[in-house]
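In: generate coordinates for the sequence data below:
(chains A and B)
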Amino acid sequence: MKIDSSLKWHVLLCIALFVSLMPIVFAISTSFKELSEAYGNVLGLIPHNPTMANYLRIFQELPLNQITLNTVIVAFAVTVFKIVTSVMAAYAFVYFNFKGKNLLYIILISTIFIPFTMTMIPNYLIISQIGLRNNIIGVILPQLSDATGIFLIRQAMRSIPLSFIEAARLEQAGIFHIMFGIVLPLAKPAVISTGIMFFINSWNEYVWPVLILKDTANYTLPLALQLFISSEGGTDFCVAMAVSVVTMIIPLGLYLIFQKYIISTFTSSGVKG
Amino acid sequence: MRVMKNKKNLITQNTMIAYMLILPALLVFAIFMFYPLFYTAYLSFFDWNMIKPLKVFVGLDNYKALFSDPLMPLVIKNTVVYILILLILNCAAPYILAFILSFVVKKGRGFYKGAFFLPSVISLVVGSILYLWILNPVSGPAAVAAEFMGINIPIWSKTQGLVIVVLSIITTWKIFGYNFIVIFGGVTGVPQEIIEAAKIDNIPLYKIFFDIVLPMSSATGVYIFIMTIVQGLQYVFTPIKVVTQGGPDNASSNVIYDIYQEGFLLYHTGYASAMSIAAMVLFVILLVIEFRYVEKGIYYEN
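Out: Numbering: from 1, shown residues only, chains lettered A, B, ... in the order given. Presented below is the predicted three-dimensional model:
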């Protein structure tokens, strides 16, 4: 009786899971199919004649190495800058008292709620004016103003017992010692998972690059992907799925490696504190 | 005396360090967030096309034009419908699933959380293309599977109303996982003993959910409610741009896409800015009402 009722709920959870994960399985399977099989054997997950042709084709048709490199550079630069500035700012908000602290924090955090559309026209003008349109540095810059890191890392730092810091201060430890010797090691899980999420989000960024990048050689992966679909129909879905797999493989890999850190950081990211 | 002076020095010195620590972050925010916000407000009073050297001051004309724009009622309706669908799929549904996972089944928590979150790390362009294929009315997997059951998938990309549902499904795919694990964190904050006691008293599950779990995790609930709207609006641009370009006949356009359309396709820079500001004012009002109204009944977990 007991097992029976919980089975029913597991079935419900698994249906929900099926709906959210099935598209990924389909994408991987279709990317290895020949076009005729993609339309003939739609539901079959294992291709009868697995082929690499779709992958070979996308590397021939596009400077995909360059595009992948662009994506790596953008995501890496954005991540490093945002992590460093977020750790510094969060440290100041947790361990220092200064005038206007709370107001400044609230102002910074409320920018999380502002849709990008509200700032995109002036940002476009700024980036054009300094000549960085159609340039990956121009892709990087506006992505740097993001307060989620300050929020998440501050949460983590606040959960470190203050007595640790007081003890170090009594021993006349300097700010660098306290920051690198005590606070950062203890806040490491949050810093790592925030960094991974920064990297993934920047890797996936689409709205801003699509506004300012013109040449295919400067594209990032999500933009390249868009080249393979046509809204009038006639999209070669096998090829589109191959580009999709190339685009999602790095974020998926990173997520699977750091899953534990990421889930626990976000589970506690609600309104607590 | 000496001690006090030292202390005062220490305080100002500390303040200096604190400001130095915040400065780098503040600098990029000033340039790419605060200045643009003010500049958007400034531009909303001008007639300009982004290229002309001269901006013509038109006062409130852009805002007045919002009210006479024949497209506006449709665009607002589409936005509201989209957000309503999103709230059902990304607040109500994950809340129920999180409740089941934390108090009814309990087994496999780690697995379900990890698996549900997985799509959130994948690009929305990928998501858009996956659903374009899966929901392809002629040859997609959903159509083929539905055919076995004798159901035909309508040509949603040409159907008013349905096209918004598809957009909602695509963004839901992206948002659901994050919402699920945050709600799960809130729901598990409700003390286990209370739930067990209620179960022993044979209180039905739906009552436990509505009378105990929902009110006791409402702080998380409100946060997710707001984040769903915020993220839903942030994310919806991508599937519209990739899949529908606002069509058919603007049936899938909404406030966010229309701002892009006016600003970057039609070069009505001033008008697009006015639209941004109006949307933001509406949004802030909604947030304030929401907070004022819900705040009173909130039970804070900590």
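In: pretty sure A:H10 is touching B:V105, no?
Out: Yes - judged on Cβ atoms under 8 Å, A:H10 makes contact with B:V105 at a distance of 6.0 Å. C-beta: built from backbone N, CA, C; applies to glycine.
In: who touches both of these two?
Out: Overlap of the contact sets of A:H10 and B:V105 (by Cβ atoms under 8 Å, 6 or more residues apart in numbering or on different chains) is empty.
In: for B:N250, phi and psi?
Out: Phi and psi for B:N250, reported as degrees, to the nearest 10, are phi 70, psi 10.
In: cool, B:F45 as well?
Out: Torsion angles, degrees, to the nearest 10, at B:F45: phi -100, psi 10.
In: before we move on, what about B:F46?
Out: Here is the backbone geometry of B:F46 (degrees, to the nearest 10): phi -130, psi 150.
In: ok, residues contacting stretch A:85-97?
Out: With contact meaning Cβ under 8 Å, 6+ apart, stretch A:85-97 is reached by A:98, A:101, A:105, A:108, A:144, A:149-150, A:152-154, A:157-158, A:165, A:178-179, A:183-184, A:191, A:194, B:14-15, B:17-19, B:21-22, B:24-26, B:28.
In: buried ones in that stretch?
Out: Across stretch A:85-97, burial judged by 16 or more other Cβ atoms under 10 Å in any protein chain shown covers A:85-96.
In: just the ones in helices from those residues, please.
Out: A:85-95 (DSSP state H).
In: from chain A, how far off is B:I277?
Out: Counting by Cβ to the nearest Cβ, to the nearest Å, the gap from B:I277 to chain A is 8 Å.
In: what sits against that residue?
Out: Contacts of B:I277 (Cβ under 8 Å, 6+ apart): A:118, B:40-41, B:44.
In: give me the neighbour count for A:L254.
Out: By other Cβ atoms under 10 Å in any protein chain shown, 18 other residues sit near A:L254.
In: ok, back up a step: which of the contacts of stretch A:85-97 count as buried?
Out: Taking 16+ other Cβ under 10 Å as the criterion, what is buried in the contacts of stretch A:85-97 is A:98, A:105, A:108, A:144, A:149-150, A:152-154, A:157, A:165, A:178-179, A:183, A:191, A:194, B:14-15, B:17-19, B:21-22, B:24-26, B:28.
In: filter the residues you listed down to the ones in helices?
Out: Per DSSP H, the buried ones among the contacts of stretch A:85-97 map to helices at A:105, A:108, A:149-150, A:152-154, A:157, A:165, A:191, A:194, B:14-15, B:17-19, B:21-22, B:24-26, B:28.
In: can you show me the strands along chain B?
Out: For chain B, strands defined by DSSP state E occupy the ranges B:46-47, B:56-57.
In: show me where chain A dips below the pLDDT cut-off.
Out: For chain A, the stretches flagged by pLDDT under 70 are A:1-5, A:230-234, A:269-273.
In: can you map out the helices along it?
Out: With helices called from DSSP H, chain A shows them at A:2-31, A:35-40, A:53-61, A:64-95, A:101-110, A:117-129, A:136-140, A:148-158, A:162-170, A:175-177, A:184-204, A:207-212, A:221-226, A:237-267.
In: for B:I256, find the nearest of those.
Out: In terms of Cβ to Cβ, the element of these nearest to B:I256 is helix A:117-129, at 5.2 Å.
In: residues touching that closest one, excluding its own?
Out: Residues contacting helix A:117-129 (Cβ under 8 Å, 6+ apart): A:133, A:138, A:141-142, A:207-208, A:211-212, B:31-33, B:35-37, B:39-40, B:43, B:50, B:233, B:237, B:256, B:259-260, B:263-264, B:269, B:272-273, B:276-277, B:279-280.
In: can you rerun that using 7 Å?
Out: Residues outside helix A:117-129 that contact it (Cβ atoms under 7 Å, 6 or more residues apart in numbering or on different chains) are A:133, A:138, A:141-142, A:211-212, B:32-33, B:35-37, B:39-40, B:43, B:256, B:259-260, B:263, B:269, B:272-273, B:276, B:280.
In: now do stretch A:62-75
Out: With Cβ under 7 Å, 6+ apart as the test, stretch A:62-75 has contacts from A:58, A:136, A:139-140, A:199, A:202-203, A:216-221, A:224.
In: as a markdown table, those with distance to A:K260 and neighbour count would be great.
Out: Listed next are those as a markdown table, based on distance: Cβ to Cβ, whole Å; neighbours: other Cβ atoms under 10 Å in any protein chain shown:
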| residue | distance to A:K260 | neighbour count |
| --- | --- | --- |
| A:I58 | 33 | 21 |
| A:I136 | 32 | 19 |
| A:V139 | 31 | 29 |
| A:I140 | 29 | 21 |
| A:F199 | 17 | 23 |
| A:S202 | 22 | 22 |
| A:W203 | 20 | 25 |
| A:T216 | 38 | 15 |
| A:A217 | 38 | 12 |
| A:N218 | 36 | 20 |
| A:Y219 | 33 | 25 |
| A:T220 | 28 | 29 |
| A:L221 | 26 | 30 |
| A:A224 | 32 | 24 |
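In: tell me which two of these sit farthest apart.
Out: Across those, the longest distance by Cβ to Cβ is 25.1 Å; it joins A:I58 and A:I140.
In: ok, for A:Y39, nearest residue in space, not its chain neighbours?
Out: Among residues not flanking A:Y39 along the chain, B:S139 sits closest, at 5.2 Å (Cβ to Cβ, 6 or more residues apart in numbering or on different chains).
In: so that neighbour sits right up against A:V42, yeah?
Out: Yes - the pair B:S139 / A:V42 is scored as a contact, 6.5 Å apart, by Cβ atoms under 7 Å.
In: among these two, which residue is more densely surrounded?
Out: Neighbour totals were compared for B:S139 and A:V42, and A:V42 leads with 21 against 13 (other Cβ under 10 Å).
In: the closest residue to that one other than its chain neighbours: how many residues sit nearby?
Out: Ranked by Cβ to Cβ, 6+ apart and with sequence neighbours excluded, the top spatial neighbour of A:V42 is B:V144, at 4.4 Å. For B:V144, the count of nearby residues is 16 (other Cβ under 10 Å).
In: surely B:V144 touches A:N41?
Out: No - between B:V144 and A:N41 there is no contact under Cβ under 7 Å: 9.6 Å.
In: ramachandran coordinates for B:W48?
Out: According to degrees, to the nearest 10, B:W48 has phi -160, psi 150.
In: what does the model give it for pLDDT?
Out: Residue-level confidence at B:W48 comes out at 92, pLDDT.
In: next to chain A, which bits of the stretch 151-300 of chain B? Give me the list.
Out: Contact residues (Cβ under 7 Å from any Cβ of the partner chain) of the stretch 151-300 of chain B with chain A: B:173, B:176, B:178, B:181-182, B:184-186, B:219-220, B:223, B:230, B:233-234, B:237-238, B:241-242, B:245, B:256, B:259-260, B:263-264, B:269, B:272-273, B:276, B:280.
In: now B:F103. Nearest residue, chain neighbours left out?
Out: B:I195 (5.0 Å).
In: that neighbour: what's it in contact with?
Out: Neighbouring residues of B:I195 by Cβ under 7 Å, 6+ apart: B:103, B:208, B:212.
In: tell me who's in contact with the closest residue to B:I240 other than its chain neighbours.
Out: Nearest non-adjacent residue to B:I240, counting by Cβ to Cβ, 6+ apart: B:Y257, 4.7 Å away. The contact partners of B:Y257, taken as Cβ under 7 Å, 6+ apart, are B:237, B:240, B:246.
In: for B:L214, see how far away B:I277 is.
Out: 35 Å (Cβ to Cβ, to the nearest Å).
In: B:S128 now?
Out: With Cβ to Cβ as the criterion, B:S128 and B:L214 are 33 Å apart.
In: looking at those two, which has the bigger crowd around it?
Out: Here B:S128 and B:L214 are compared on neighbour count by other Cβ under 10 Å; more neighbours surround B:S128, at 29 against 16.
In: B:V242 is in contact with the more buried one, correct?
Out: Yes - under the contact definition of Cβ under 7 Å, B:S128 touches B:V242, with a separation of 4.2 Å.
In: sweet, I'm off.
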